[in-house]
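Participant: just the structure for this:
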Amino acid sequence: MTTLVFKQRVFYGWWVVAAAFAVTFVGFGSAYTFSAFIEPLQREFGASRGAVSLVFSLAGFLYFALGIVSGPLADRWGARRLCIAGMLLVGAGLALASVARNIVEVYAAYGLGVGLGVGLAYVPAVGAVQRWFVKRRGLASGLAVSGIGVGTLAMPPLAALLIDGMGWRDAYLTLGVLAAVLGVGASLLLENDPRERGRAADGEPLPAHAHAAPPSGDLSVRDAVRTRQFISLYAACLIASFGVFVPFVHLVPHAQDLGIAQGSAVLLLGVIGIGSTAGRFFLGSLADRMGRQRFLLCTVIALAFTLVIWAVATGFWMLALFAFLFGACYGGWVAVLPAVVMDLFGGRNVGGIIGVLYTSVAFGTLIGPSAAGYAFDASRSYTLPILAAVAANLIAGAILMVAARGTKRGSAQG
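Facilitator: Here you go, the predicted model:
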């Protein structure tokens, strides 16, 4: 009776969604504060914009690449343990960055601490959410990763205020303590599988025979990565990621180069966060209705068109329009990607499969923002890296389109 009343009030899957939201808020919110620290770090250590950008690229590479390890570990040990360890690492990395004596120590503290920490937590958190839902998987996934959008909205302005009030070192220390406390607290709510609470996905009653193994049709990681569907998805994510993460590092300094004040420039990251949050909240359910794979294709192509706006923008309001539209498309892309993996390959090894897929994003994150920084150092302009980002997303969209046609043709022949 108690279980029935609890289900009628709140299905525990939504608590898992809330926990994943908080983990992504803390992890990515901390990571995306980096743009607010670029100028203080340049002044402190006399480093170029390309060299400072490499700090973010290193962290980004690690937090996506590490999913290939953390995903399978979460499938085996549960998401909670991995997320607790990850959030402690994020807090330690930020705190250690506060005492760095040179840019190399910032690489080690922020790059390794935040990178490894988010890498341990991200894939386990979003992977756990997928198993709790079927009918509303797109919505649940979108709500979970909307923590990234809200973190992008809230954390960079907070970082800017802390930098203005206490300097960049104490700002990093404060953010580190905040990340550890909030992140660990949220991680305690995570559970891997609704069967642990005697329920099936979506809160449905668990049939008597379903207490055993997950469905036999679920693919292993080895079998999944050999499919044409996975290879196409991997290639598209790899190419798109070369450009997707450039604005998170370079939009603020680009706005300042145009004469926009630092406070307003940092606010643009918050606008990305607003758009991203809206995209994850509202577009996830749209993906459930129109088809999640088709929706993924639409978001990748839309990202290319939003980047064109950045290329021609000359003032704050044009950049704000870009930031909102880019954020919405980015939010939709991130929200639907884990759900597409679950749809294609099943839930038994979803963490491991997502982890392998996210290595594609890792390489794009490592190369894209740092390459854009060095391109700026050479040309004193962001035009070339922005146009390269446009081209990358169009190519990624073409790959997904060809893959979708091949899947339909194979189904028709079958």
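Participant: does Val221 touch Ile354 like I think?
Facilitator: No. Using CB atoms under 8 Å, Val221 makes no contact with Ile354, being 9.9 Å away. From N, CA and C alone the C-beta is placed, and that goes for glycine too.
Participant: so for the two, which residue has more residues nearby?
Facilitator: More neighbours surround Ile354 than the other of Val221 and Ile354, with 27 against 22 (other CB atoms under 10 Å).
Participant: secondary structure element for the more buried one?
Facilitator: helix 350-379 (DSSP states H and E).
Participant: and the helix or strand following that helix, what does it pack against?
Facilitator: With elements assigned by DSSP H and E, the helix or strand that comes after helix 350-379 is helix 383-413. If contacts are counted by 3 or more CB pairs under 8 Å, 6 or more residues apart in numbering; DSSP states H and E, helix 383-413 sits against helix 228-244, helix 246-257, helix 292-312, helix 350-379.
Participant: would you single out the least confident of the ones you listed?
Facilitator: Of all those, the minimum mean pLDDT falls on helix 350-379 (a mean of 82).
Participant: run a quick neighbour tally on Ile395.
Facilitator: 16.
Participant: any weak-confidence spans in the stretch 101-250 of the chain?
Facilitator: For the stretch 101-250 of the chain, the stretches flagged by pLDDT under 70 are 198, 200-203, 206-217.
Participant: was I right to think Trp333 contacts Thr306?
Facilitator: No. Using CB under 8 Å, Trp333 is not in contact with Thr306; the gap is 11.3 Å.
Participant: which of those two has more neighbours?
Facilitator: Using other CB under 10 Å as the criterion, Trp333 and Thr306 rank with Trp333 on top: 26 against 22.
Participant: contacts only, for the nearest residue to the more buried one once chain neighbours are set aside.
Facilitator: Leaving aside its chain neighbours, Trp333 sits nearest to Thr299 (4.2 Å; criterion: CB to CB, 6 or more residues apart in numbering). Contacts of Thr299 were listed using CB atoms under 8 Å, 6 or more residues apart in numbering, and they are 283, 329-330, 332-333, 336.
Participant: how about TSV for those residues, with pLDDT added?
Facilitator: Shown next, in TSV, are these (pLDDT from 0 to 100):
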residue	pLDDT
Leu283	71
Cys329	90
Tyr330	88
Gly332	85
Trp333	87
Val336	84
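Participant: nearest to Ser241, out of those residues: which one, please.
Facilitator: Relative to Ser241, the closest of these is Trp333; by CB to CB it sits at 10.0 Å.
Participant: other SSEs contacting the helix or strand encompassing that closest one?
Facilitator: Taking DSSP H and E as the criterion, Trp333 maps to helix 316-345. The contact analysis (3+ CB pairs under 8 Å, 6+ apart) places helix 316-345 against helix 115-131, helix 137-187, helix 228-244, helix 246-257, helix 262-290, helix 292-312, helix 350-379.
Participant: switch the cut-off to 6 Å
Facilitator: With contacts taken as 3 or more CB pairs under 6 Å, 6 or more residues apart in numbering; DSSP states H and E, helix 316-345 sits against helix 115-131, helix 137-187, helix 262-290, helix 292-312, helix 350-379.
Participant: now do the second one against helix 115-131, angle only.
Facilitator: Same thing as helix 137-187. Going by axes from the mean of the first three to the mean of the last three CA atoms, to 10 degrees, helix 137-187 is angled at 130 degrees with respect to helix 115-131.
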